[in-house]
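Undergrad: the sequence and its predicted three-dimensional model are supplied below.
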Amino acid sequence: MHTPDLFGAAPVADNDAPDHAPDHARMLALRQTLHHHAHCYYVLDAPEIPDAEYDRLFQALQRLEDQHPQWRSPDSPTQRVGGKVLDHFSPARHAVPMLSIRTETDTEASGAQAFDARIRKELGLGEAEEVAYVAELKFDGLAINLRYEGGVLVQAATRGDGEVGEDVTQNIRTIGQIPLKLSSTPALPVPDVLEVRGEVYMRRDDFEALNARQRARIAAGEKGEKTFVNPRNAAAGAVRQLDPAIAAQRPLSFFAYGLGEVSPVLPPGTDLIATHFAWLQAFKAWGLPVSEHAAVVQGANALVAFHQRMGAARDTLPFDIDGVVYKVNSLALQKQLGFVTREPRWAVAHKYPAQEQLTTVQSIDVQVGRTGKLTPVAKLAPVFVGGVTVTNATLHNEDEARRKDVRVGDTVIVRRAGDVIPEVVGVLLDKRTGEPPVFTLPTTCPVCGSDAVREEGEADHRCSGGLFCSAQRKQAILHFAHRRAVEVEGLGEKLVDQLVDSGVIKTLPDLYRLGLTALANLERMADKSAQNILQALEASKATTLARFVFGLGIRHVGEATAKELSRHFGTLDAIMAASVDELLLVQDVGPVVAASIHTFFAQPHNREVVEQLRACGVRWDESTPGHAGPKPLAGKTFVITGTLPTLSRDEAKDKLEAAGAKVAGSVSKKTSYVLAGTEAGSKLDKAQELGVPVIDEAQMLQMLEADT
């Protein structure tokens, strides 16, 4: 007589059990404990024990299974990684076809409205009757069917042609988020047969880390290694890797979103069959990961709102999506609507503008930035990507251009996500014709002809022409006029181009020597506009030391570093006279930054620019050299939210920081005060929740006056 193993392993003989019953019980307990902690770690992102303790329990289970191999079960945590290297994947026929969902190509709100109108028409509903939908994300990964029998994962297969896919079970078992055994309960039993459809994907941070490791291997001379173009390709390649040990090294994740075969159809004592969303909740209860963004919504307007909300959040998600999916929530209505050809009538994928597209490289130009950095830029055949028409894409630097091996005439993959500058992420080498020359950065600046130099240990080449180079001159002026520098309102890129190209401005001080006639003679510049620019220039003369130092555009000196220099030294003369060792005493200033500041002020032409700006009337309040003055709010942290009555947020921030306070972007228990204006949002709610004092502009000004 044999007793069946509770986890579906090979039967255990009764005459073996009495002698080893404690080991068997311990093995079952260890499996259950490890499954629980794996779920906490991979799915809930809330580990309950340290990694070392998990490893100790895992090793204890391994020892027991080595001692009693007849009890080793395919759902054991020890069996996640293993198995021989495959020659090929076996075919896997789907019990229920994995059909594709119709795609709505209209990326605007009308796409959701059209779907809702069609559903209501086919259901015979009136204009006032709303349909309940489940709105989900459309993940950019690889569709997978997981088959559980008796709650144990027995097969994983790709979509394939919808009827037959590839058996990739060994590789899918390596994904920590996918349970090898589902957590059935008396109140919520797992069906005898359950097929779960979902998406295997790779998080963006995992993708970047993987490519970093791949680049290190390539640099070390390892053969056969390559970087991956995007997370989807990396995930698909890992799933279809013939060696499961290699697949286990690729960081994959999973979301469940649909059903295949279910038997029995209606688990006794439950009504899970009623809605799609209820099935998603059941998946979660059984231990499968489900996206937190899936939601039940009512009617067309709610679909539009979901599409817009997730579109706005798209670039902040930790993974790629290329749209959202709408499904009629009621399974009874799904059945009534049925299918057309091989697509369900009750679901649609509503796409976003593609973030990646193919195009060709027409030329590779070199742009010169504010700091003299030379950046290779691919000039592209126009392509619509990320919601805009793209004709240029950055190649970053010579090393990156060569690593990707981008050449004129190549067919390339261009990516644009949100406001990120478009970039070439890969080349389709099989489409290259002939042997176009390898890109090489010029040895001289393409704008002014000065030498292009590359400092030791740096990836970038830079023009050595400084303000002599018109490209740097334009960017230096724009940076100086930036709202967080001296702020010259109305001085934009087109106007600066005209001023520099016409020879009216050659250095920063020339800004303050402009006259009405010179400005008014420029293209599309009327007397009134010219007068406004002159008034803005006059207003910009009254600034702060930190803003002025930031505006000089010293390499490596950002806004925060400029403020620290101002606080530490108090005067510009003290900063200019400081040695490298003295600069290193400033908070957050390291050797590279200190050397850059010292080198900048050691150049006679830079000191001349500073003196001319002072002579033109640019001024600020200074304190005694070496002493930044009283800091009454030192140690206090403020958060600003809403619209203030008389001050802009930047002005309020400047005043607070001048008094020694730190201005943070989010509210926490460490926040001292929240400065709130009208239309304050979630930050005000958070402050009230945490009991953080909330003040208005008048109270802030009183604090500053009381402590001066």
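TA: All right, it came through fine.
Undergrad: so who does the nearest residue to F548 once chain neighbours are set aside touch?
TA: In space, and not counting its chain neighbours, F548 is closest to W620: 6.0 Å by C-beta to C-beta, 6 or more residues apart in numbering. (Glycine included, C-beta is placed from N, CA and C.) Listed by C-beta atoms under 8 Å, 6 or more residues apart in numbering, the contact partners of W620 are 542-545, 547-548.
Undergrad: for W620, give its distance to L552.
TA: Here W620 is placed at a distance of 13 Å from L552 (C-beta to C-beta, to the nearest Å).
Undergrad: cool, V168 as well?
TA: With C-beta to C-beta as the criterion, V168 and L552 are 58 Å apart.
Undergrad: can you check L64 too?
TA: 69 Å.
Undergrad: and A393, what's its pLDDT?
TA: Listed pLDDT for A393 reads 92.
Undergrad: pretty sure it contacts D410?
TA: No. Using C-beta atoms under 8 Å, A393 makes no contact with D410, being 11.8 Å away.
Undergrad: got a list of what the residue nearest to L441 when sequence neighbours are not counted touches?
TA: Of all residues not flanking L441 in the chain, E398 sits nearest, at 4.2 Å (C-beta to C-beta, 6+ apart). E398 makes contacts with 376, 439-441, 461, as judged by C-beta under 8 Å, 6+ apart.
Undergrad: same question, A659
TA: By C-beta under 8 Å, 6+ apart, the contact list for A659 reads 631-634, 704, 707.
Undergrad: can you say which of those residues are buried?
TA: Buried residues within the contacts of A659, counting neighbours by 16 or more other C-beta atoms under 10 Å: 633, 704.
Undergrad: all helices of the stretch 101-250 of the chain, in order?
TA: Counting by DSSP state H, counting those that start in this stretch, the stretch 101-250 of the chain has helices at residues 110-123, 169-172, 204-219, 231-239, 244-247.
Undergrad: quick check: mean pLDDT across the longest one?
TA: I take that to be helix 204-219. Helix 204-219 shows a mean pLDDT of 88.
Undergrad: one more: stretch 568-585?
TA: Taken as a whole, stretch 568-585 carries a mean pLDDT of 94.
Undergrad: list the buried residues of it.
TA: By neighbour count with 16+ other C-beta under 10 Å, stretch 568-585 contains the buried residues 568-572, 574-576, 578, 582-583.
Undergrad: find me the pLDDT at the nearest residue to V328 once chain neighbours are set aside, would you?
TA: If the residues on either side of it in the chain are set aside, V328 comes closest to W346, at 4.0 Å by C-beta to C-beta, 6+ apart. Looking at W346, its pLDDT stands at 95.
Undergrad: now R484
TA: 86.
Undergrad: need the contact list for the spatially closest residue to it that is not a sequence neighbour.
TA: With sequence-adjacent residues excluded and distances taken as C-beta to C-beta, 6+ apart, R484 is closest to E559, at 5.6 Å. Residues in contact with E559 (C-beta under 8 Å, 6+ apart) are 484, 546, 550.
Undergrad: who wins for neighbours among those?
TA: Within the contacts of E559, most neighbours by other C-beta atoms under 10 Å means F550, with 26 neighbours.
Undergrad: my guess is K351 meets D322, correct?
TA: Yes. Counting by C-beta under 8 Å, K351 does reach D322; the two are 6.1 Å apart.
Undergrad: joint contacts of the two?
TA: Common neighbours of K351 and D322 (C-beta under 8 Å, 6+ apart) are K138.
Undergrad: how about the strands of the stretch 351-500 of the chain, start to end?
TA: Using DSSP state E, counting those that start in this stretch, the strands of the stretch 351-500 of the chain run over 356-368, 374-385, 388-394, 411-415, 423-427, 452-453, 462-463.
Undergrad: and the ones you listed, which one averages the lowest pLDDT?
TA: Among the strands of the stretch 351-500 of the chain, strand 452-453 carries the lowest mean pLDDT, a mean of 82.
Undergrad: contacts made by that one with the rest, please.
TA: 374, 441-445, 461-464.
Undergrad: do the same with stretch 47-59
TA: Under the criterion C-beta under 8 Å, 6+ apart, residues 30, 33-34, 37, 40-41, 77-78 lie in contact with stretch 47-59.
Undergrad: do a quick rundown of the strands in the stretch 1-150 of the chain.
TA: Counting by DSSP E, counting those that start in this stretch, the strands of the stretch 1-150 of the chain are 2-3, 12-13, 91-93, 103-104, 132-139, 142-149.
Undergrad: so which of those strands gets nearest T275?
TA: T275 sits nearest to strand 132-139 of all those, at 7.9 Å, using C-beta to C-beta.
Undergrad: what angle separates the closest one from helix 231-239?
TA: Calculated by axes from the mean of the first three to the mean of the last three C-alpha atoms, to 10 degrees, strand 132-139 forms an angle of 80 degrees with helix 231-239.
Undergrad: in the protein, which helix or strand is least confident?
TA: Counting by mean pLDDT, DSSP states H and E, the weakest-scoring helix or strand in the chain turns out to be strand 2-3, with a mean of 30.
Undergrad: list the contacts for G492?
TA: Contacts of G492 by C-beta under 8 Å, 6+ apart are L478.
Undergrad: pull the CA atoms of stretch 594-608 into PDB?
TA: As requested, the backbone C-alpha atoms of stretch 594-608 are provided in PDB (Å, rounded to 0.1, in the frame of the first residue of the first chain):
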ATOM      1  CA  ALA A 594      37.700  71.700  -6.500                       C
ATOM      2  CA  ALA A 595      40.200  71.400  -9.400                       C
ATOM      3  CA  SER A 596      37.500  72.600 -11.800                       C
ATOM      4  CA  ILE A 597      36.700  75.700  -9.800                       C
ATOM      5  CA  HIS A 598      40.300  76.500  -9.200                       C
ATOM      6  CA  THR A 599      41.200  76.100 -12.800                       C
ATOM      7  CA  PHE A 600      38.300  78.300 -13.900                       C
ATOM      8  CA  PHE A 601      39.200  81.200 -11.800                       C
ATOM      9  CA  ALA A 602      42.900  80.800 -12.600                       C
ATOM     10  CA  GLN A 603      42.200  81.700 -16.300                       C
ATOM     11  CA  PRO A 604      42.700  85.400 -16.800                       C
ATOM     12  CA  HIS A 605      39.900  85.700 -19.400                       C
ATOM     13  CA  ASN A 606      37.400  84.200 -16.900                       C
ATOM     14  CA  ARG A 607      38.500  86.700 -14.200                       C
ATOM     15  CA  GLU A 608      38.200  89.500 -16.700                       C
END
